[in-house]
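Enquirer: Structural data only, the sequence is not supplied:
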DNA sequence: CGCTTAATTGATCAACATCAACAGTAGTGG
DNA sequence: CCACTACTGTTGATGTTGATCAATTAAGCG
């Protein structure tokens, strides 16, 4: 179910764009770290493979011993409320960092949605490393602000959009990830279940389905198979624009 | 309406707690920076006074020339949608940093809710400073993660709570700020209007009011005046617990 | 092909938005 | 001090969105 690969050469890439352009015109969707820094960073951690969908990466309340960097795959982080309800806080794509902690403990749980490869860095070790490598630390700061922007954006979506638009916004987000979206055909292969979507959008499965139906009726989406949707991306973007 | 004080000695305090305890047992709600660092930081910026409620600190789409540190007062950041609707993204208390940017432009607008004093640091200058002062940069990283936790927490609230619980959660948040809450009497002096609350909770003014009524009926809150509520903090916390 | 899980559809009910009217509250000038 | 005015907050009535429960169908998979 999960395999630890001590010495491994998975490439280190962190997804995120700088909000305040420090170096001019860095339009890449990934932070640029020097090769030497990447190598050093790689030596700090180890690669873990989570082969089966649903496998638990860490759990809410766990001692936050590691900071995780998703190399490949797709991960959901979610919070379980007292009554057992689940709120998916975020979907994480390759290059995302996971493992936000409070008081030394994970605030959310994380599960692989598809088979995923993850670097994990011991927190203390990483913290010391960052203090000695300002450029890398800067990268982490940029990443944190990137994620903060994303969270605030989702807050707007949750506060002001009805479910249909929330879904549209999610589809647009997903379409930004080449692995699941073919720009030529416009076909998105949804990696997550209707349940995941519902728990992310703060609604029920049934309502998600009806939202798909509505988008279909309006011609913004064509339902090929449950997990395969042909998007009219331009119109979707317009529909879900803030 | 706004006054710039070039040389000023407002104290620098950044609100936020480290998630992964780096130094042991730092339980203070504020980051500890060395006095020398604070002094240097202070020299980078200038203090601006926003004397009248509603005065605009920066506006969505503006060139993000500054990073702002709220010294005193209360600020709302909000996003204005295409149809003119407003979503309040966050309330900012003393010690908070504001001015998240994307592509060099502010993603939200910020307004003083009560008269507020704000440090503003030129972004480029600050960015250079941070690269040379890893401890301070670390502080900013901790702050960013603190805010990210807060945003994700609010996402859970928005996704899973009905309006009454959302309101309860907000009241609990407000009660954490001494200036507006007297623990002895349990009286909270709400600094923001019902509109602000509604636009923050993603609902309407009327529904906010009915939520207050409901909390009142349940005995969790006593309505002294519109902006003065006597809280049963323990029960409120229980009611709004995640 | 059967079997399990995921997705879908329909019917009913509660939460909330919306519109309209009204009551406090605070500020201003006579 | 009162009277006038402009907000801000509150209440009531009605329609809509989405939650919930129950039943059914469609996909994936050994």
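Expert: Noted; the coordinates are in hand. Just so it is clear, the model here is predicted, and its values are computed rather than measured. Residues are numbered from 1 along each chain as shown, chains lettered A, B, ... in the order given.
Enquirer: Surely residue A:212 touches residue A:168?
Expert: No. With contacts counted by C-beta atoms under 8 Å, residue A:212 stays clear of residue A:168, the gap being 10.1 Å. Every residue, glycine included, has its C-beta placed from N, CA and C.
Enquirer: neighbour-wise, which of these two wins?
Expert: residue A:168 (26 against 20; other C-beta atoms under 10 Å in any protein chain shown).
Enquirer: quick one, what contacts the more buried one?
Expert: A:215, A:220, A:236, A:239, A:240 (C-beta atoms under 8 Å, 6 or more residues apart in numbering or on different chains).
Enquirer: Same check on residue A:192?
Expert: A:74, A:76, A:91, A:113, A:200.
Enquirer: and with 7 Å instead?
Expert: By C-beta atoms under 7 Å, 6 or more residues apart in numbering or on different chains, the contact set of residue A:192 is A:91, A:113.
Enquirer: what's the answer for residue A:137, then?
Expert: A:130, B:134, B:137, B:138, B:141.
Enquirer: Quick check: the one residue sitting closest to the centre of chain A vs DNA strand D, distance?
Expert: Using C-alpha atoms, centre = their mean, the residue of chain A that lies closest to the mean C-alpha position is residue A:92, 1.6 Å off. Plainly put, residue A:92 is 22 Å away from DNA strand D if you go by C-beta to the nearest atom of the strand, to the nearest Å.
Enquirer: Excluding chain neighbours, give the residue nearest to that residue in space.
Expert: residue A:75 (4.2 Å; C-beta to C-beta, 6 or more residues apart in numbering or on different chains).
Enquirer: Make sure that neighbour is indeed in a helix.
Expert: No. Under DSSP: H, G, I helix; E, B strand; the rest coil, residue A:75 sits outside any helix and is assigned strand.
Enquirer: what sits against it?
Expert: A:57, A:92, A:98, A:110, A:111, A:112, A:113, A:116.
Enquirer: any idea how far DNA strand D is from residue A:100?
Expert: 26 Å.
Enquirer: burial count for that residue?
Expert: Neighbours of residue A:100 (other C-beta under 10 Å): 23.
Enquirer: That one and residue A:107 touch, don't they?
Expert: Yes. Counting by C-beta atoms under 7 Å, residue A:107 is a contact partner of residue A:100 at 5.5 Å.
Enquirer: Overlap in contacts, these two.
Expert: residue B:149.
Enquirer: per-domain residue ranges of chain A.
Expert: A:4-159, A:161-239 (automatic domain parsing).
Enquirer: Flag every buried residue along the lengthiest helix in chain A.
Expert: Longest helix in chain A, counting residues (DSSP state H): helix A:134-160. Residues of helix A:134-160 classed as buried: A:134, A:136-160 (neighbour count, 16 or more other C-beta atoms under 10 Å in any protein chain shown).
Enquirer: And that helix, how far out from the chain middle?
Expert: Its chain's average C-alpha position is 12 Å from that of helix A:134-160, according to C-alpha atoms, centre = their mean, to the nearest Å.
Enquirer: Could you point out the helix or strand that follows it?
Expert: helix A:163-175 (DSSP states H and E).
Enquirer: Can you tell me the element residue A:120 falls in?
Expert: Counting by DSSP H and E, residue A:120 is part of strand A:109-122.
Enquirer: That strand: partners in the sheet, and parallel or antiparallel?
Expert: Here strand A:109-122 has these sheet partners by DSSP bridges: strand A:46-50 (antiparallel), strand A:56-58 (antiparallel), strand A:66-80 (antiparallel).
Enquirer: who touches the second one?
Expert: Taking C-beta under 7 Å, 6+ apart as the criterion, the residues outside strand A:56-58 that touch it are A:50, A:68, A:75, A:99, A:106, A:109, A:110, A:111, A:112, A:118.
Enquirer: Appreciated, that's everything.
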